[in-house]
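*Asks:* Here is the input, now give the coordinates:
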Amino acid sequence: MSYDVFISHASEDKQEIAQPLKTLLTTAGLNVWLDETELGLGDSLRAHLDSAMSRSRYAVVIISRHYMEKTWTNSELAAFFSLENKKRKKILPVRHKVTHEELLQFSPMLADRICVSTDDGLRTVAEKIARVVHDNSTSAELFWNRKPIVLGISGASCSGKTWLAEKFQQLYPGAVTLFDLDGYYKDRTYVQSLDYRHDNPSAINFENAIADLVTLKSGRSANLPTYDFETHRVSGSKTCDPAPIILVEGLFAFANDRFRRELDVKVWITAAPDRCLERRFERDAAERGRDPSEVLERYKRDVQPGFEKYIRPMRDFADVVLLNDGRNKDTQPLIVEMLVAYLDRFGSMR
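*Replies:* Next comes the predicted model:
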């Protein structure tokens with residue numbers, strides 16, 4: 001098997017840089033070698049490294065202080081230079097928290113090349129690498145400018161929507177943007193006038209939400225509102241950058257026809273009502289400073305009847321239904337792996 005890119009890195013930089021960069025490059029259509037994904041129990045590390053080096057078109061070298069200090073990584077770099085001298089490879093240096101002067105002192109040969117820095121953001125690093133590997137052709141532009149995959153997550157309050165979104169962010173580090181529909185609640189006075197209040201889809205400003213989601217899908221950054229559930233008001237905004245995967249999470253992600261049409265895959269999370277209430281007690285006490293009697297009163301008055309009237313019927317729009325019974329809190333359930341595989345296949349077909 002041949003590879004487009006071999007990522008050479010120090011182990012200290014694996015989680016922060018190497019793994020997210022691999023995800024982004026894979027999303028860009030490149031076949032990437034990273035030691036953790038290719039080695040099995042009992043395999044010879046040296047043999048696999050030698051084989052992968054010889055079968056990789058490019059070496060992405062993440063130059064950090066850890067990289068410069070290690071004998072192992074210096075040996076890898078020497079091997080890459082040897083292969084490059086034989087016109088079998090090109091080295092693509094990436095500076096991570098290292099100045100040009102430090103790089104010059106470490107390796108004048110690398111310092112003499114055009115180098116990208118992680119200070120510019122991993123997406124920019126991945127884009128530049130992908131363009132080089134694709135020979136600066138339009139194919140690289142197609143990978144990065146293609147329409148992103150939009151995954152909608154809905155379900156009852158405290159069913160596990162945020163938990164599932166975080167699972168996907170862990171599996172696709174650096175390649176996921178979270179779109180929180182809670183930020184689009186309307187003015188507090190108006191919401192208080194509705195039956196079931198925040199559990200009524202009329203409480204959401206879908207016009208603004210659609211406009212911002214379309215902006216992200218077009219490849220542009222958007223300023224998304226943030227909502228404070230203690231004061232029940234929009235508290236500010238945050239800049240959200242486009243990404244290959246956009247996760248839309250919220251009670252009413254499937255409630256509006258126009259908004260729903262912007263979603264490629266719709267996931268519904270279901271959980272037992274008593275478990276949802278238990279989680280709600282924990283969350284509202286820890287994050288929103290509410291006492292148990294207030295939580296229970298609002299649950300009976302608004303949350304549960306609002307769910308039955310407005311939210312439960314939206315389950316029919318789901319492509320996938322996930323049971324979150326509480327056993328998956330610290331694990332990765334099979335359904336998540338299946339969704340990841342589907343998204344990979346879905347993305348490659350677009």
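*Asks:* Ranking helices and strands of the protein by mean pLDDT, which lands last?
*Replies:* When the helices and strands of the chain are scored by mean pLDDT, DSSP states H and E, helix 138-145 comes last with a mean of 45.
*Asks:* Tell me which residues are up against the helix or strand following it.
*Replies:* Elements were assigned by DSSP states H and E; along the chain past helix 138-145, the next helix or strand is strand 149-155. Strand 149-155 is contacted from outside by 161, 164-165, 168, 213, 217, 244-254, 260, 262-271, 311, 314, 318, 324, 339, 343, 346-347, 350, using Cβ atoms under 8 Å, 6 or more residues apart in numbering. Where C-beta positions appear, they are placed from N, C-alpha and C, glycine not excepted.
*Asks:* Parallel or antiparallel, list what pairs with strand 149-155.
*Replies:* strand 245-249 (parallel), strand 265-270 (parallel) (DSSP bridges).
*Asks:* Report the mean confidence score over that strand.
*Replies:* Averaged across strand 149-155, the pLDDT comes to 94.
*Asks:* can you check stretch 310-321 too?
*Replies:* Taken as a whole, stretch 310-321 has a mean pLDDT of 94.
*Asks:* neighbouring contacts of that stretch?
*Replies:* Contacts of stretch 310-321 (Cβ under 8 Å, 6+ apart): 154-156, 196, 199-201, 251-252, 254-255, 260, 265-270, 335, 339.
*Asks:* What residues of stretch 182-201 count as buried?
*Replies:* 182, 183, 184, 185, 191, 194, 196, 197, 198, 199, 200, 201 (16 or more other Cβ atoms under 10 Å).
*Asks:* Please tell me how far residue 12 sits from residue 134.
*Replies:* Using Cβ to Cβ, to the nearest Å, residue 12 is found at 30 Å from residue 134.
*Asks:* again, but for residue 281
*Replies:* Counting by Cβ to Cβ, the gap from residue 281 to residue 134 is 52 Å.
*Asks:* now residue 90
*Replies:* 13 Å.
*Asks:* Compare the two (neighbour count), which wins?
*Replies:* Neighbours per residue (other Cβ atoms under 10 Å) separate residue 90 from residue 134, with residue 134 holding more: 19 against 15.
*Asks:* With residue 127 as the reference, measure out to the more buried one.
*Replies:* On the measure of Cβ to Cβ, residue 134 and residue 127 end up 11 Å apart.
*Asks:* try residue 197
*Replies:* Relative to residue 127, and taking Cβ to Cβ, residue 197 is found at 44 Å.
*Asks:* cool, residue 338 as well?
*Replies:* Distance from residue 338 to residue 127, by Cβ to Cβ: 29 Å.
*Asks:* quick one, which of these two is more surrounded?
*Replies:* residue 127 (21 against 12).
*Asks:* For the more buried one, what is the enclosing helix or strand?
*Replies:* Going by DSSP H and E, residue 127 is in helix 122-133.
*Asks:* Can you tell me what sits against that helix?
*Replies:* 4-5, 17, 20-21, 24-25, 28-30, 57-58, 60, 90, 92, 94, 116-118, 140-141, 143-144, 174, 241, 243.
*Asks:* next one: stretch 209-229
*Replies:* With Cβ under 8 Å, 6+ apart, stretch 209-229 has contacts from 145, 147-148, 150, 177, 179-185, 208, 233-242, 246, 248, 256, 258-259, 262, 287-288.
*Asks:* which of the residues in that stretch are buried?
*Replies:* Quick answer for stretch 209-229 (16+ other Cβ under 10 Å): 209, 210, 212, 213, 215, 216, 217, 222, 224, 225, 227, 229.
*Asks:* before we move on, what about stretch 155-163?
*Replies:* 155, 156, 157, 158, 159, 160, 161, 162.
*Asks:* and which of those is nearest to residue 109?
*Replies:* Ranked by distance to residue 109 (Cβ to Cβ), the buried residues of stretch 155-163 are led by residue 162 at 47.4 Å.
*Asks:* Contact partners for the closest one?
*Replies:* residue 249.
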